[in-house]
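1. heads up, no residue letters with this:
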């Protein structure tokens, strides 16, 4: 457990000292959402109608941005090799890296999302559910994404490959995330959708750990 | 008496047989120097010993028991210093080492790191970010990882690259201390490493020269 926390702490420290990674994801998120009113036109009804979907799609793309570096840097400088020899199992190494990724890219999205919802004119009734869906959904994105990052390790143009591999797997999270907000806005209960999001997260946790560790072992051979 | 042996090891990388039927034996306090031209499989053999690679045929044994049976125990007793230095330019020397320090120790990671840095003459640079380090200083920092916690088996891939004469002498002292405490050293090197009484393993002798027709069938458990 100590080593798990230490690895998360190290990744956070690296991200903070580099500076860019942490801010790029949230800047990208804001910019993508802001583009929509320009493309669709400033019709308040339309924007309010599509707000949930737009914010969720932007969140998917933003969390995809820095995924290709998730294991790549440690792979290139030999740290990953040493982690494979360390007492912490590779499954937990993968979980720790995904946790750090979520803290660096996912949490800032949670902070920025209400502002963007306001910008798109979403009704206040949806704000609470919007935050809840992001809170449950973005960790799943980091976890599922880490599988793609591990699989494309060492591949040339890995970043593009990750998008192709992982975006289809993000679809369930997107569907239930956006649907939860829509039902809250429509006066229905968001609970079933939130429960499915929670189930997706619960399933992604062990599956991502196992799949990542297997892919990392393959990459290190 | 501890011993580490390799029996008829064959290493296959991609579609190339790097070495065939390699056998070695290493006793407590012993040292093995791997010699041979580039691409003769020195690094592959070290990675194989570190359990980062699996032998295609043959097996490694620790005290007679196959290493593959308990990889976690094997990993706990070895330290591997490879070509890559695993150094993040944004972290200080102390933070770099502290991260790898074993967590079950009573000392704080920073304290453990300081002790190891001192041994390699890097204590004055402990709080300097490693992006300001020279190649030799990075190598010394990487070698200091060996001292974070006792481990029986040290696997060193070209440990002297980038080191000046004084640092090589320092490394020699550290290696001698490790061996006198019953530790083992396996090192791949082109230059003379101060390892008195070390056995030499010439990788050329195990290069693939003939078809593998007379080899026994591969053991399923090892593949």
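-> Sure thing, it's come through. No experiment lies behind these values; they were computed from the predicted model shown.

2. partners of residue B:10 in the sheet?
-> Beta-bridge partners for residue B:10, by DSSP bridges, are residue B:57.

3. could you measure from it over to residue B:208?
-> Using CB to CB, to the nearest Å, residue B:10 is found at 9 Å from residue B:208. Every C-beta, even on glycine, is put in place using the N, C-alpha and C of the backbone.

4. the residue positioned nearest the centre of chain B in helix, strand or coil?
-> Centroid-nearest residue in chain B: residue B:155, 1.2 Å away (criterion: CA atoms, centre = their mean). Put simply, residue B:155 is strand when judged by DSSP: H, G, I helix; E, B strand; the rest coil.

5. OK, contacts around it?
-> By CB atoms under 8 Å, 6 or more residues apart in numbering or on different chains, the residues touching residue B:155 are B:46, B:49, B:50, B:78, B:79, B:80, B:81, B:186, B:187.

6. one more pass at 6 Å, please.
-> Applying CB atoms under 6 Å, 6 or more residues apart in numbering or on different chains, we find residue B:155 in contact with B:46, B:49, B:50, B:80, B:186.

7. by neighbours, which of those residues wins?
-> Of the contacts of residue B:155, residue B:186 is surrounded by the most neighbours, 28 neighbours in total, counting by other CB atoms under 10 Å in any protein chain shown.

8. phi first, then psi, for that residue.
-> Main-chain dihedrals, residue B:186, degrees, to the nearest 10: phi -120, psi 120.

9. likewise for residue A:106?
-> phi -80, psi -50.

10. residues near it, how many?
-> Residue A:106 has 24 neighbours, counted by other CB under 10 Å.

11. my guess is it contacts residue A:140. True?
-> No. Under the criterion of CB atoms under 6 Å, residue A:106 is not in contact with residue A:140, lying 9.7 Å apart.

12. just the mean pLDDT for the lengthiest helix in chain A, thanks.
-> Secondary structure of chain A per DSSP state H: the longest helix is helix A:191-220. Averaged over helix A:191-220, pLDDT sits at 94.

13. spatially nearest residue to the closest residue to chain B within chain A (excluding sequence neighbours)?
-> Closest approach between chain A and chain B, counting by CB to the nearest CB: residue A:78, at 2.7 Å. The shortest distance from residue A:78 to any non-neighbouring residue, by CB to CB, 6 or more residues apart in numbering or on different chains, is to residue B:84 (2.7 Å).

14. quick one: pLDDT of the one you found?
-> At residue B:84, pLDDT is 88.

15. tell me the secondary structure for it?
-> Applying three-state DSSP: residue B:84 is coil.

16. can you pull out the helices in the chain?
-> Looking at chain A here, since you left the chain open. Per DSSP H, chain A carries helices over the ranges A:2-18, A:20-40, A:44-65, A:69-76, A:79-85, A:90-101, A:107-119, A:127-151, A:158-185, A:191-220.

17. switch to chain B, please.
-> For chain B, the helices defined by DSSP H cover B:42-49, B:71-76, B:93-100, B:109-119, B:135-144, B:165-180.

18. of residue B:10 and residue B:208, which one has the most company?
-> Counted by other CB under 10 Å, residue B:10 and residue B:208 do not tie: residue B:10 has more neighbours, with 20 against 16.

19. what sits against that one?
-> B:20, B:56, B:57, B:58.

20. kindly recompute the last result at 8 Å.
-> Residue B:10 neighbours (CB under 8 Å, 6+ apart): B:17, B:19, B:20, B:21, B:22, B:55, B:56, B:57, B:58, B:212, B:215.

21. how much space separates the residue of chain A positioned farthest from its centre from residue B:73?
-> Here chain A reaches farthest from its C-alpha mean at residue A:43, the gap being 29.7 Å by CA atoms, centre = their mean. In this view, residue A:43 and residue B:73 are 67 Å apart by CB to CB.
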